[in-house]
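[1] predicted coordinates and the sequence they were generated for:
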Amino acid sequence: MGRRAARLEIRTRLRASAPPSPRPPHHDEAALDALSDREIARLVGFARFRIMRASRCGDTDAEDLFADAALLTLKMKRKWRRGISIFNHLVFLMRNICACRSKCASKYVPISDLQPAPTIAQSAVDAEESIASLERALEGDSIALEVLETMRSEVAPRHAQKQLRISAAVYWAARKRIRRLALALEDTAHGY
């Protein structure tokens with residue numbers, strides 16, 4: 001799916017889930033509809049930046065964070081003040097959503113953090129075993145395996161996309177699959 005199709009899908013999802021607003025329709029819906037494709041791309045890029053910067057922003061992606069901010073505005077759960085552009089309102093709202101999720105997540109300390117740290121050799125062996133089990137689980141997904149290899153080689157995402165000749169959407173979707181699978185494998189290893 002191309003970027004334009006993704007933006008169209010986001011706009012369609014926003015319109016479908018927008019509740020009736022007591023404000024005049026030109027205030028909320030029209031302002032969101034007036035966002036250009038370039039502005040939406042910039043907002044989604046900002047959301048991706050916030051997610052990567054906040055280590056514990058929850059299991060979300062950039063499009064979801066943007067859609068959450070727009071829906072909170074349409075449902076009037078977050079007030080849009082006069083004199084602030086819709087673009088800046090959504091930027092501030094996405095920043096606040098990420099900060100709130102990160103703050104809530106940091107309150108909980110996993111039990112493994114309370115145990116003494118393993119030695120470097122133990123950590124290296126555990127990491128290799130985890131990566132090997134992750135590679136076995138990703139055996140049928142060649143794109144995810146290639147993305148995982150670029151991650152292990154510490155190749156920057158932009159360079160990895162060029163190297164693998166894939167779009168940003170495909171790259172980030174593969175990273176999301178890898179992350180979810182790694183978390184699932186970690187949970188099964190811990191017996192959750």
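    Thanks, I have the structure now. Numbers count the residues shown, from 1 in each chain.
[2] domains for this structure, by residue range?
    Domain ranges of the chain: 3-106, 115-190, per automatic domain parsing.
[3] hey, which helix or strand in the chain has the poorest pLDDT?
    Within the chain, no helix or strand scores below helix 111-114, which has a mean of 54 by mean pLDDT, DSSP states H and E.
[4] C-terminal to that one, what's the next element?
    Under the assignment DSSP states H and E, the closest C-terminal helix or strand after helix 111-114 is helix 120-137.
[5] contacts for that next one?
    Contacts made with helix 120-137 from outside it, assessed by Cβ atoms under 8 Å, 6 or more residues apart in numbering, are listed as 118, 145, 148, 152, 178, 181-182, 185-186, 189. Any C-beta I mention is one placed from the backbone N, CA and C, and that applies to glycine too.
[6] for the host helix or strand of Ala47, which positions count as buried?
    Secondary-structure element containing Ala47, defined by DSSP H and E: helix 37-53. Across helix 37-53, burial judged by 16 or more other Cβ atoms under 10 Å covers 40, 43-44, 46-48, 50-51.
[7] how about stretch 61-68?
    Within stretch 61-68, judged by 16+ other Cβ under 10 Å, the buried ones are 61-63, 65-68.
[8] export that stretch as CSV, just CAs?
    Taking Å, rounded to 0.1, in the frame of the first residue of the first chain, the C-alpha atoms of stretch 61-68 are listed here in CSV:
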residue,chain,number,x,y,z
ASP,A,61,2.6,2.8,15.3
ALA,A,62,2.7,6.3,13.8
GLU,A,63,-0.6,6.0,11.9
ASP,A,64,-2.4,4.8,15.1
LEU,A,65,-0.9,7.7,17.2
PHE,A,66,-2.0,10.2,14.6
ALA,A,67,-5.5,8.7,14.4
ASP,A,68,-5.8,8.6,18.2
